[in-house]
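Participant: prediction below, plus the sequence it came from.
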Amino acid sequence: MKILFKVINQKLNEFLNNILLKRKHNKNELLLKHHNIYVLPSKFGLSFLCFNILIFILGSNYQNNLILLSAYLLISFFIISILQSYFNLMNTHISFVDVEDGIEKTGYVLSFTLSNDNQAHSLIIQAQQENNLVDVITAEKNVIKLQLSGLKRGKHKVSRIKILSRYPFGLMSIWSYCVFPKSVYIYPTPLPIVSHGKTFNDSNDEQLDSVTKGSNEFYAIREHELGESFSRISWKHYAKTQQFLVKEFSESHAGDFVFNFIDMPGDFETKLSHLSYLVNQAFHDDLTFGLTLPGKSIPTSKGFNHLKTCLRALSEA
Amino acid sequence: MNIEITKLNIKKIELLQSSTLIIIVVLLAEFISVTFIAVVLLLALWSLAIAFNQVKKPGVLIGNVLAILTAIGLFLDVGFTDTVNLFVAMLLLSTVLKQLVSTSIFHFKTICLIQLFLISSVYLYQQSLYTSILTFTFFIGNIATLNLILMPNTSLSKAMKLASKTLLLSLPMAFSFFILLPKLPSFWSLPGPGVAKTGLNESIDPFSISKLSNSSELVFRADFSSSPPQSPFYWRSMVHEEFTDQSWKITQQAKLSKSRPLENDKIKYNYDIIAEKSGLHWLYALDYGRSSTQFVDNKYAGLLARQKNLSQTFKYRVSSFDLNNIYKLTDYEKNTNLVLTPHSNPKTVGIAQKIKQNAISDEMFFNDLYQYFIKQNFVYTLEPPALYGNNKLDQFLLESKRGFCGHYASLSAFMFRSVGIPARVVSGYLGGELSEDGDYLSVFQYDAHAWTEVWLENTGWTRFDATSVVSPDRLYGSLSQSEANKEEFLRNLNFGLLSLQNFPMLNWVRLNLDNIDFMWTNWILGFNAQEQQGLLKRLFGSDQTLKIALTIISLISAFLLSIYFHAIWKKRVVYTTPLEREYEHIINWATLENSPLEAGITPQKYLTLLSSRFEDKSKYLEQFLNLYIDTRYQEVSLSKSKQKHAKVLVKLITKK
C-alpha cells in the first residue's frame, strides 16, 4: 500500500515536472510574472473567509449596519491582500548558479540567486520537505545554498524548488516552481577497506619508479636524522644496538592502481561503497588510478576531475 | 510548516492582542454584569503583564482549571435569559483564556480570528461614530498582529503602518458594497441584547420624570423634510389610563391593541425620526401618528411602537394626523378614563367640583381650570419638595404648589376625572433643540414631559397642559434653552459638554459634534432596507439586479485595476539624467538592427559606430551625438526645444 502510494507520488511528480511545468519553469533563469505565478488562498485565508461569513450573518440577522460594514470591510481587505501578495512576488528573478554532487547521507548542494528590483518579503524556499525562510530580497543578488538530502545513489534530476510567499498577512499563498534542467550525482557512501587487491596494469610499461612514502609495509631501516620526530624511532633496535634507527614504510606497490569491482567484498552496493572509498583515498594520496566496473572501464589518470568522473561512473552503475 | 518566531515578536503580538481585549472589555462593561467584567478584566490585565515580561505565563493545567471555574461563574452570573449577552460573554471569556495560555503560532492565529468576531460584536451595543473609529483601530491592530506572526523580523510600527494602509484602502470598496449589495432579511429572529433602562417608564409618577432632567442622553432626532409644524412640539410616546394611588399605568388593553381606522385622514405633516436605543418598544410621534415603516406597529390612540431592534438606532417615517381622530368613545374607553380610587385626595375632589359648579359646560371647566392654575401662583420647578403620606395631590394643590410637569399632569387628570370628564396622562417629550442649520431637531432625556388629554364632546381628545400656563417658556425649544429654569437645570444636569454651555466655544464644539453624529446616524445607521431600495431605484430604475451586479463588478475591477496600475507605475524605470531615455531608445533600435551595445563602449564611440553603419540615418545620429555631448559633457542645459529636437531625432532614427 505504502509502496503503491510512493510510486503514484513519484509518477505524479514526474508528470508535473516534465509536462505541466515544462514550458514555463524548466529554465535556468526565471523571471516571475503573471504567467508563472500561482495564487490561492491559504488554509488560514479560508478560515478567515469563514469568519467573515459568520460576521456577515451576524450583521444581517440583527439588521445592524455597522456589523455589515465590518464584514464588507474584511472582505475588501481580503481582496486587496490578494493584490499585495501578488505584487510582492512579481518580478522576482531566479537564476541557477551551481550544483555540487554529494553522497547519500549529506546530500547535494544547490545554489541559485534570488533578486527583485523592488523588495520581496518573506519568501519560503521549499525543496524536498525542507523549508528555508528568506526575509527580504532586494535588487542585489542573494545567493541561496540548499542542502538537499534523502536521495539514493545515482544520477538524479535536480529536484523541483517551490518558492512560496504568504506576505503580507498570511491569507494568500503565492508560489512558483523552478525546475532547473540540470542533473546531479549522488555518490555511493564511502566505506573504508583496509587490505585490498589490485591488479597491475600489464600493458603499462612504467617501472616501479616512484616509491611513495606510505604506511603499510616495512621497507627499510635507516639512521635517525637530526630533527626527526622521536616517535618514529624503532625502540626495539635501540634496545639491542643503542642506535637511533627509523623504520621506513611504503605502500607495498607503487605505480598505477586500477580498482576492480570484482575484487571487492560484499554485495553490489557495498562493493561500490568500497570502490568509492578507494578512489577517494587514491586522489587524496595523489596517485594515478583507474576504475573497472561491469560494463565500464575508466583508464587511469590523476586529478580532481578524474575523481569526479570515477565517482560519477560509480553512481550510475 | 514550522517557522520559529522570535521571542521578541511574541511579546509584541501578545501586547497588541491583550491591549485590544482590555479596551473592548471596558467598552462592554456597562452592558454585561459587573462581576463578570471585573473577572475578565483581571485576566486580561494578567495577559498584559505577561506581555510586558512582568509575570510568567501559566501552564496548561492552570489554564484548564481557570477555564472551568470561570465558565461556571459565567453561567451563574450572566444567566441564560439574555442569549446575546451570554454569547458575547462566552466569546470574551474564551478569548481571554486562550490568550493566557497561547504559545504557538496556531494559537495566535486563532485568537486573531476570534478577536475579529469579538470586535464586530461590540457594534451590537455601541454604534456611535467615536466607537466606530475606535473599533477601526482595533481592526488595524488585529491585522498588524497577522503580519507580525508571518514575518519574524518586522517592527511593530512597520506592521501597523502596513495594516492601516491596507485597511484604509479597503474602505471605499466596503462602502460601495454597503450601498449596492441588497440587504438580506434576518435568517432567523433573535432577540437583541438587553438595554439599560434610562428614560420614560410605562408606569409614571411625578418624581420619576423630574429625575430624568439629570440626563442629557439623546432620545431621538426628528428630520422634517418639508415645512415643520408650529411649536410647541408635543411628542407623544405613551398613554397612561390606569390610576393608582402612586402612579399612572398603561392599561393591558392599550399595550395589546392596534390602531383603529382613521376618521380624519388629512395628513398634517410628514417627517423622519431616528430613535436611539431604548428599553421600551414605544416610539415617538406628534399628534395622531401613523407609520408604514417595516417593524413599526401602529397602536392605540395614535401611538407607535417598534417590534424589534430596541438595542440599536432605528429610523422610521411618520405621517401625523389631527389628534381629534376619534369621534366617539366606546363605553369601555369612557369608563377606564373615569376611574378614580375612592376616598383619595378628597380636598382636590372638592375644589374640582366647586370649579365645575361655576362652569356651564365641559369646555368652560377646561378654561376655568387653566385660570385656576394661573391665579393660584403655582410654580414650575425641577426640584420640587418631597411629599409624604397619602393624598399627595392634596398636599401639592393646597400646600406646596411647587411641582414639575408630572405633578401638574397627575393633578389635572385627577381633577377632570373627579368631575366626570374622561382624562388620561400622556408621557413623552416636549420641544427639542433645533440644530445649527435648522436641519433637524434633537430631543434629549431632560425634555421628558407629561401632560393630560381630556375628552370633550366637540373636539375629541384635547390636550390640557398646565405647564403651558405655569411656565410658558418651557414650551419653545428644549429644557436646556428655557431661561426661567436655567439655574436649576444646570445644577441638576450630569456633567458633560451641555453643562458647559455657557462657554460659547465649547457650545460650538458640542453643536458641531452633534451635527457630525447626526450625519453618521442618519446615513450609516439609519440606512435600512427600504431606504436602500429607494436609493437603488433612483440610481438604476426598475431593472435592478443585473445593473447592480454589473456596477459592483465594474467598481471592484476599476478599483483593483487602479491599484495594479499604480503598483506597475511605481516600478517603472526612472530616468534621472537628461537624454537617457532617448539614448535608451536608440540602443534598443540598434539592438534590433543587430548592432547591440557592447560592454565598455562609450556613447560617443557607439553613436559614431552606428552612424557609420547606418548611412541613411547618419546625419540624425550625428546631430543627436552633438546634442548628447553638449548636454552630458559640456553642461549645457537641456531646454525644452532641445528636448523636443532630441525626441524628433530619435523618431527619425528609429523609423523603419
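Facilitator: Structure received.

Participant: in the chain, where's the longest helix?
Facilitator: Chain wasn't specified; assuming chain A. Longest helix in chain A, counting residues (DSSP state H): helix A:65-89.

Participant: think we crossed wires, I meant chain B
Facilitator: Max-length helix for chain B by DSSP H is helix B:544-570.

Participant: check which element follows that one along the chain.
Facilitator: The C-terminal neighbour of helix B:544-570 among helices and strands, as given by DSSP states H and E, is helix B:580-592.

Participant: who does that next one touch, helix- and strand-wise?
Facilitator: On a contact count with 3 or more C-beta pairs under 8 Å, 6 or more residues apart in numbering or on different chains; DSSP states H and E, helix B:580-592 meets helix B:603-613, helix B:618-628, helix B:640-654. Bear in mind the C-beta positions are built from the backbone N, C-alpha and C, glycine included.

Participant: and the average pLDDT for the second one is what?
Facilitator: So that's helix B:618-628. Computed over helix B:618-628, the mean pLDDT rounds to 84.

Participant: give the buried residues for it.
Facilitator: By 16 or more other C-beta atoms under 10 Å in any protein chain shown, the buried positions in helix B:618-628 come out as B:618, B:620-621, B:623-625, B:627-628.

Participant: which intervals of chain B have sub-threshold pLDDT?
Facilitator: For chain B, applying pLDDT under 70 flags the ranges B:1-8, B:189-191, B:194-197, B:207-208, B:495-497, B:499-501, B:543, B:573, B:656.

Participant: how much space is there between the residue of the stretch 201-317 of chain A found nearest chain B and A:L272?
Facilitator: Closest residue of the stretch 201-317 of chain A to chain B, C-beta to the nearest C-beta: A:N305 (30.7 Å). Distance from A:N305 to A:L272, counting by C-beta to C-beta, to the nearest Å: 20 Å.

Participant: more neighbours, the two?
Facilitator: More crowded of A:N305 and A:L272, by other C-beta atoms under 10 Å in any protein chain shown: A:L272, with 24 against 9.

Participant: tell me which element that one falls in.
Facilitator: Here A:L272 is covered by helix A:268-284, with elements defined by DSSP H and E.

Participant: likewise for B:F108?
Facilitator: helix B:105-122.

Participant: give the buried residues for the one helix or strand B:I355 maps to.
Facilitator: According to DSSP H and E, B:I355 maps onto helix B:346-358. For helix B:346-358, the neighbour count (16+ other C-beta under 10 Å) marks B:348-349, B:351-352, B:355-356 as buried.

Participant: I'd like the next helix or strand past the lowest-mean-pLDDT helix or strand in chain A.
Facilitator: Lowest by mean pLDDT, DSSP states H and E among the helices and strands of chain A is strand A:213-223, with a mean of 60. Downstream of strand A:213-223, the next assigned helix or strand under DSSP H and E is helix A:235-241.

Participant: restricting to C-alpha, output that following helix in PDB.
Facilitator: As requested, the backbone C-alpha atoms of helix A:235-241 are provided in PDB (Å, rounded to 0.1, in the frame of the first residue of the first chain):
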ATOM      1  CA  TRP A 235      62.900   1.300  20.100                       C
ATOM      2  CA  LYS A 236      63.400  -2.400  19.700                       C
ATOM      3  CA  HIS A 237      66.600  -1.800  17.700                       C
ATOM      4  CA  TYR A 238      67.800   0.800  20.200                       C
ATOM      5  CA  ALA A 239      67.400  -1.700  22.900                       C
ATOM      6  CA  LYS A 240      69.700  -4.000  21.000                       C
ATOM      7  CA  THR A 241      72.200  -1.800  19.300                       C
END
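
Participant: buried ones in it, by neighbour count?
Facilitator: Using 16+ other C-beta under 10 Å as the burial criterion, none of the residues of helix A:235-241 qualify.

Participant: can you list the residues that contact that helix?
Facilitator: A:221, A:243-245 (C-beta atoms under 8 Å, 6 or more residues apart in numbering or on different chains).

Participant: do that again at 7 Å, thanks
Facilitator: Taking contacts as C-beta atoms under 7 Å, 6 or more residues apart in numbering or on different chains, the residues outside helix A:235-241 that touch it are A:243-245.

Participant: can you check stretch A:48-58 too?
Facilitator: By C-beta under 7 Å, 6+ apart, the residues outside stretch A:48-58 that reach it are A:67-68, A:70-71, A:74-75, A:78, A:171, B:113, B:116-117, B:120, B:187.

Participant: of those residues, select the buried ones using a PyMOL command.
Facilitator: Applying 16+ other C-beta under 10 Å to the contacts of stretch A:48-58, the buried members can be selected in PyMOL as follows:
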select buried, (chain A and resi 67+68+70+71+74+75+78+171) or (chain B and resi 113+116+117+120)
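
Participant: so which two of the contacts of stretch A:48-58 are the farthest from each other?
Facilitator: Farthest apart among these by C-beta to C-beta are A:L171 and B:F187. That separation is 26.6 Å.

Participant: hang on, B:N494 packs against B:S213?
Facilitator: No. The pair B:N494 / B:S213 is not scored as a contact, 10.0 Å apart, by C-beta atoms under 7 Å.

Participant: and the two? which has more neighbours close in?
Facilitator: Taking neighbours as other C-beta under 10 Å, B:N494 and B:S213 compare with B:S213 leading, 24 against 11.

Participant: now for that one: which residues touch it?
Facilitator: By C-beta under 7 Å, 6+ apart, the contact list for B:S213 reads B:382, B:446, B:479, B:489, B:492.

Participant: out of those residues, name the ones that lie in strands.
Facilitator: Assigned to strands by DSSP state E, none of the contacts of B:S213 qualify.

Participant: related to what we said a few turns ago, do the helix holding B:F108 and chain A come into contact?
Facilitator: Yes. Contact between helix B:105-122 and chain A, assessed by C-beta under 7 Å from any C-beta of the partner chain, occurs at B:109, B:113, B:116-117, B:120.

Participant: same list, the residues you listed, but as a markdown table with distance to A:F48 please.
Facilitator: As requested, the residues of helix B:105-122 next to chain A are exported to a markdown table (distance: C-beta to C-beta, whole Å):
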| residue | distance to A:F48 |
| --- | --- |
| B:K109 | 9 |
| B:L113 | 7 |
| B:L116 | 8 |
| B:F117 | 11 |
| B:S120 | 13 |
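
Participant: for chain A, state which of the buried residues of helix B:618-628 is nearest.
Facilitator: Lowest distance from chain A to those (C-beta to the nearest C-beta) belongs to B:Y628, with 26.6 Å.

Participant: the nearest residue to the closest one once chain neighbours are set aside and chain A, how far apart?
Facilitator: Excluding its sequence neighbours, the residue lying closest to B:Y628 (C-beta to C-beta, 6 or more residues apart in numbering or on different chains) is B:L579, at 5.7 Å. Relative to chain A, B:L579 is positioned 23 Å away (C-beta to the nearest C-beta, to the nearest Å).

Participant: from what I can see B:L579 touches B:D630, true?
Facilitator: No. B:L579 is beyond contact range of B:D630, at 9.6 Å (criterion: C-beta under 7 Å).

Participant: for the two, indicate the residue with more neighbours.
Facilitator: With neighbours defined as other C-beta under 10 Å, B:L579 and B:D630 compare such that B:L579 has more, 21 against 15.

Participant: what sits against the more buried one?
Facilitator: B:L579 makes contact with B:628, B:631-632, B:638, B:646, according to C-beta under 7 Å, 6+ apart.

Participant: so which of those residues is the closest to chain A?
Facilitator: Among the contacts of B:L579, and counting by C-beta to the nearest C-beta, the member closest to chain A is B:R632, at 24.9 Å.

Participant: spell out which parts of the stretch 401-550 of chain B neighbour chain A.
Facilitator: Contact residues (C-beta under 7 Å from any C-beta) of the stretch 401-550 of chain B with chain A: B:524-525, B:527.

Participant: show the buried residues in these.
Facilitator: Applying 16+ other C-beta under 10 Å to these flags B:524-525, B:527 as buried.

Participant: out of those residues, list just those in helices.
Facilitator: Assignment to helices by DSSP H places none of those there.

Participant: pipe these into a markdown table and attach distance to B:L536 per row.
Facilitator: Listed next are these as a markdown table, based on distance: C-beta to C-beta, whole Å:
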| residue | distance to B:L536 |
| --- | --- |
| B:I524 | 17 |
| B:L525 | 19 |
| B:F527 | 12 |
